[in-house]
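Asks: only the shape, not the letters, is given here:
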Ligand SMILES: Cc1ncc(COP(=O)(O)O)c(C=O)c1O
């Protein structure tokens, strides 16, 4: 039989990182050696004390279903950490635990946005924002993140993009793919717009522990914002736990209840031992020390990558203040981003992403993840420099 797919499937996008990774794996299976700068996954192992906590949980019999929104004592630990970090008194009833922070994005859109509504999404931005907005039948509206503004949005421009159909603003700081960070005054001004226009702010703060300069301010901490903010955090990036699958959402209680219902209908719960290991991740000084050490290593790598990219003729790389990505401008090389990413993979053995995998405003840029070892980063940058010098600008 010919399967007839539902119309909504045509509206669902994908993530360039997973697509390029699959292409790279095909080349590797053919014997090619590829350096992976496409996927946003820390190359470190999960801190051993967190692994031990999960093993202990399993040995203690925590291998069953849990309440759909998460084990109460784990939600309590998340609430404690949010209260401490934002100064906003947060209850476990405000917290939902899901198998990855992606679910919080999806559930927030499913719960709060109807077909035809508009959602303001960063461009370039994490592709799931626009993809999942389209999937719900709503309309993603691009908010440009310009290199000239250190990849921060322009608050006055944002104001002009709000219409009577706008329901939600999605923020991501520090940002994937640019590493750009919003300032405290940006957050304050955006909060003012959200309150004035009665909008929800979906604040994806997955990378907030990976900030190298400046301070992180969550919109959740601004007076009047807790009631309209969905704060997203998760274990994947800062603790090197992508495969464990744990996202944390902090939100008004009635929205948390709605997400609990979505969890009952989709996943039942996220893994019990992953949840229990979350307490160790959030509360053990050993975990804090591990995150600090990883952040310092990322800082060294960032400095190396930015410096080497800026040495390549035609490449200009802004120094990002957070996350583990750089977003170099390659317009001076004469290449377009898709052709260059393709030829770097196939001819130079370096997997990177074209900026347009993150939205139309990514044209003329590449995204490189520096979640890879210093020797690998050095080899990759050498290959990129040699490839551009040999291929020349006319090649695209
Ligand atoms: C900005 C951002 N949000 C959310 C996610 C999803 O992460 P996870 O579902 O592993 O928590 C990612 C992953 O790359 C990301 O970069």
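Replies: Arrived safely. Remember, predicted model here, so these are calculated numbers, not experimental data.
Asks: in the stretch 151-300 of the chain, which spans are helices?
Replies: Assigned by DSSP state H, counting those that start in this stretch, the stretch 151-300 of the chain shows helices spanning 155-161, 184-197, 253-266, 272-283, 285-311.
Asks: same for the longest one, what does it pack against?
Replies: Using 3 or more CB pairs under 8 Å, 6 or more residues apart in numbering; DSSP states H and E as the contact test, the elements touching helix 285-311 are helix 48-59, strand 325-326, helix 374-391. Quick note: C-beta positions are derived from backbone N, CA and C, even for glycine.
Asks: what residues does the stretch 201-350 of the chain put near the ligand?
Replies: Proximity of the stretch 201-350 of the chain to the ligand, by CB under 6 Å from any ligand atom, involves residues 204, 206, 234, 236, 242, 247.
Asks: farthest-separated two in those?
Replies: Distance extremes for these: the farthest pair is 204 and 242 at 15.5 Å, using CB to CB.
Asks: of the two, who's got more company?
Replies: Comparing residue 204 with residue 242 by other CB atoms under 10 Å, the one with more neighbours is residue 204, at 27 against 18.
Asks: in the sheet, who's paired with that one?
Replies: Beta bridges link residue 204 to residue 172, residue 232, judged by DSSP bridges.
Asks: pretty sure it sits against residue 168.
Replies: No: counting by CB atoms under 8 Å, residue 204 does not reach residue 168; the two are 12.0 Å apart.
Asks: hey, what's in contact with both of those two?
Replies: By CB atoms under 8 Å, 6 or more residues apart in numbering, residue 204 and residue 168 have no common neighbours.
Asks: would you map out the domains in the chain?
Replies: Per automatic domain parsing, the domain ranges recorded for the chain read 7-45+288-389, 62-282.
Asks: check the offset of the last one from the chain's centre.
Replies: Going by CA atoms, centre = their mean, to the nearest Å, the spacing between the C-alpha centre of domain 62-282 and its chain's C-alpha centre is 10 Å.
Asks: what mean pLDDT does that domain have?
Replies: Domain 62-282 carries an average pLDDT of 98.
Asks: distance check, the residue in the chain that the ligand sits nearest to against residue 302.
Replies: Closest residue of the chain to the ligand, CB to the nearest ligand atom: residue 100 (2.8 Å). With distances taken as CB to CB, to the nearest Å, residue 100 is found 25 Å from residue 302.
Asks: higher neighbour count, the two?
Replies: A count of neighbours by other CB under 10 Å puts residue 302 above the other of residue 100 and residue 302, at 23 against 19.
Asks: I figured that one hits residue 324, correct?
Replies: Yes: counting by CB under 8 Å, residue 302 does reach residue 324; the two are 7.4 Å apart.
Asks: please enumerate the shared neighbours of these two.
Replies: Taking CB under 8 Å, 6+ apart as the criterion, residue 302 and residue 324 both touch 179, 370.
Asks: what strands line up against the helix or strand where residue 140 lies, and which way round?
Replies: Take DSSP states H and E as the rule and residue 140 turns out to sit in strand 139-144. If you go by DSSP bridges, strand 139-144 pairs up with strand 118-123 (parallel).
Asks: which bits of the stretch 51-200 of the chain sit near the ligand?
Replies: Counting by CB under 6 Å from any ligand atom, the stretch 51-200 of the chain comes close to the ligand at 100, 101, 102, 126, 172, 176.
Asks: contact partners for the third one?
Replies: The contact partners of residue 102, taken as CB under 8 Å, 6+ apart, are 128, 247.
Asks: now the angle from whatever helix or strand it lives in to strand 118-123?
Replies: If you go by DSSP H and E, residue 102 is part of helix 101-112. Using axes from the mean of the first three to the mean of the last three CA atoms, to 10 degrees, one finds that helix 101-112 and strand 118-123 are set 160 degrees apart in direction.
Asks: distance check, the spatially most distant residue from the centre of the chain against residue 128.
Replies: Here the chain reaches farthest from its C-alpha mean at residue 1, the gap being 38.8 Å by CA atoms, centre = their mean. Residue 1 sits 31 Å away from residue 128, taking CB to CB as the criterion.
Asks: can you show me the strands along the stretch 1-150 of the chain?
Replies: In the stretch 1-150 of the chain, the segments counted as strands under DSSP state E, counting those that start in this stretch are 35-36, 95-98, 118-123, 139-144.
Asks: run through who's touching the third one.
Replies: Residues external to strand 118-123 that are found in contact with it (CB under 8 Å, 6+ apart): 109, 113, 129-130, 133, 138-145, 153, 158, 161-163, 165-172, 175, 358-362.
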